[in-house]
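Build the 3D model from these lines:
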Amino acid sequence: VQLVESGGGLVQAGGSLRISCTSVRAFTGTAMGWFRQAPGKEREFVAAKSWRDDTYYYSDAVRGRFIVSKDTAKNSVYLQMNNLRVEDTAVYYCAADEEALPRYTGSYYLWRPDHWGQGIQVTVSS
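Numbers count the residues shown, from 1 in each chain. The predicted structure is shown next:
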């Protein structure tokens, strides 16, 4: 599965940005979603969408500000990012898994996707 991201860029704090990810081939797995990695930090889960129903998953850091959506006909997943903060600055990675959904551990979501995009930069200025 080859994943291609688009839509990143520079935005001011408080603004909005939408990033997209498309699977080059038809995706028939379980979930697609997003991770991010800020400079000097580990990659972290952001959001995901079940491919088979409308279940969604969000990290605490973005819940209420970001919206993950999908278009199965286009093999695409989207991340609408609203009320952006400087701390949202990161490389955002699209991810997809053939079988597993994110699993809540009690404090965070655990998800180890099979496939990754190349990453796209999102920079939020103050």
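
And the residue nearest the centre of the chain?
In the chain, the centroid-proximal residue (Cα atoms, centre = their mean) is Trp34; its distance is 1.9 Å.

Tell me which helix or strand that one sits in.
strand 31-37 (DSSP states H and E).

by contact count, what packs against the following helix or strand past that strand?
Tracing the chain C-terminally past strand 31-37 and defining elements by DSSP H and E, one meets strand 44-50 next. Strand 44-50 sits against strand 31-37, strand 56-58, strand 66-71, strand 76-81, strand 109-110, with contacts defined as 3 or more Cβ pairs under 8 Å, 6 or more residues apart in numbering; DSSP states H and E. (C-beta placed from N, C-alpha, C; glycine too.)

try 10 Å this time
Counting contacts by 3 or more Cβ pairs under 10 Å, 6 or more residues apart in numbering; DSSP states H and E, strand 44-50 is packed against strand 31-37, strand 56-58, strand 66-71, strand 76-81, strand 90-97, strand 109-110.
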